[in-house]
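> show me how the following folds:
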Amino acid sequence: MANSWWELQIVCDLALEDSIFWRLEQFGCRGTASETKGYSYLVRAYIPQEQVQLLDLAALSLWLRQDALVLGLPIPTTHWHLIDEEDWASSWKAHWQPQEVGDRFLIYPAWLPVPDQSDRFILRLDPGLAFGTGTHATTQLCLEALEMRIDQESHDIVADLGCGSGILSIGAIMLGAEKVYAVDVDPLAVRATRSNRTLNRVNSDRLIVEQGSIDRVMKMIDAPVDGIVCNILAEVIIDLIPQISAITKPTSWGILSGILLDQTKPVADLLEQQGWTIAALWRRQDWCCFNIRRS
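Predicted coordinates:
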């Protein structure tokens with residue numbers, strides 16, 4: 001088939017979704033979606049046929065297997081088949097529907113008509129190739145934590161480290177943050193965040209998006225920030241914690257997620273060493289979210 005796409009279908013343990021999305025992004029997949037299948041997740045991803053060979057797909061399957069073994073989780077099953085070009089863009093989107101998150105948000109796919117009225121913030125989203133659709137436990141935990149931290153009276157300045165699709169940055173603005181500095185090392189994530197900023201009619205002077213990490217934030221800000229949100233992997237968070245103190249105030253707060261239950265102790269130990277107090281630790285499935293503040 002000319003101009004065909006590989007559709008990958010990966011059935012995995014709930015706790016593997018983050019690492020699988022990361023692998024798929026590194027592999028070059030365009031468009032991903034997931035849905036619950038009993039006690040497992042079915043992840044779908046798409047990549048042009050001309051971009052990879054069968055041996056590449058077999059190697060990806062092996063990487064996913066090795067990632068699961070390292071984490072001590074059940075090995076995922078991976079299947080693939082070809083579909084026509086006109087089918088790929090709509091295939092993954094068909095499995096992603098509007099979802100209420102927390103008490104305030106309605107995450108709404110950009111390609112669906114917006115409801116005339118809602119008592120929730122309608123956060124329109126097209127994740128593109130970036131992670132963050134609101135369906136994953138870590139994203140939901142972060143949005144719910146933001147509801148507890150930000151309101152229209154707070155006027156907080158926030159840094160979003162690893163912004164992905166921009167869902168947390170935009171959510172913070174909707175809740176009442178005065179300004180958000182969003183960074184991601186992936187240029188595709190930067191593009192997705194800027195696109196979703198426009199989609200939700202957020203002014204570019206309130207949501208400033210650039211490629212990079214915390215060192216980039218240090219150059220972007222004029223003064224320490226009031227809050228930090230960081231929804232990535234535990235290993236990356238551990239590397240960032242010592243630097244986070246350099247961009248925060250003595251009164252600052254933080255929301256950290258993407259941390260598996262068995263990874264909480266090293267994260268908690270380092271936070272306490274760096275002068276942070278763990279105000280709450282929320283859990284959903286095997287994922288945890290730290291709500292922290294400066295001591």
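
> C-terminal to the longest helix seen in the chain, what's the next element?
Across the chain, the helix with the greatest residue count (assigned by DSSP state H) is helix 54-71. Downstream of helix 54-71, the first helix or strand assigned by DSSP states H and E is strand 77-84.

> next, please give the residue ranges for the helices of the stretch 151-295 of the chain.
Remark: helices assigned in the stretch 151-295 of the chain by DSSP state H, counting those that start in this stretch are 167-175, 187-199, 214-220, 234-244, 264-273.

> so which bits of the third one are buried?
Of the residues in helix 214-220, those buried by neighbour count under the rule 16 or more other CB atoms under 10 Å are 214, 216-217, 220. Just so you know, the C-beta spots here come from the backbone N, C-alpha and C atoms, and that holds for glycine as well.

> adding pLDDT, write those residues out as JSON lines.
Output for the buried residues of helix 214-220, formatted as JSON lines (pLDDT from 0 to 100):
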{"residue": "I214", "pLDDT": "95"}
{"residue": "R216", "pLDDT": "96"}
{"residue": "V217", "pLDDT": "97"}
{"residue": "M220", "pLDDT": "96"}
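
> ok, so of the residues you listed, who is nearest I232?
Using CB to CB, I214 is the member of these that lies nearest I232, at 11.4 Å.

> low-confidence bits of the protein, can you list those?
Along the chain, the parts satisfying pLDDT under 70 run over 1-3, 30-31, 85-95, 127-134.

> so where's the longest strand in it?
Secondary structure of the chain per DSSP state E: the longest strand is strand 248-260.

> what helices or strands is it leaning on?
Counting contacts by 3 or more CB pairs under 8 Å, 6 or more residues apart in numbering; DSSP states H and E, strand 248-260 packs against helix 137-149, strand 225-231, helix 234-244, strand 287-294.

> so which of these comes closest to R124?
helix 137-149 (14.5 Å).

> distance-wise, check the nearest residue to L69 once chain neighbours are set aside relative to W282.
Setting aside the residues directly before and after it, L69 is nearest to I75 in space (CB to CB, 6 or more residues apart in numbering), at 7.0 Å. Distance, I75 to W282, using CB to CB, to the nearest Å: 28 Å.
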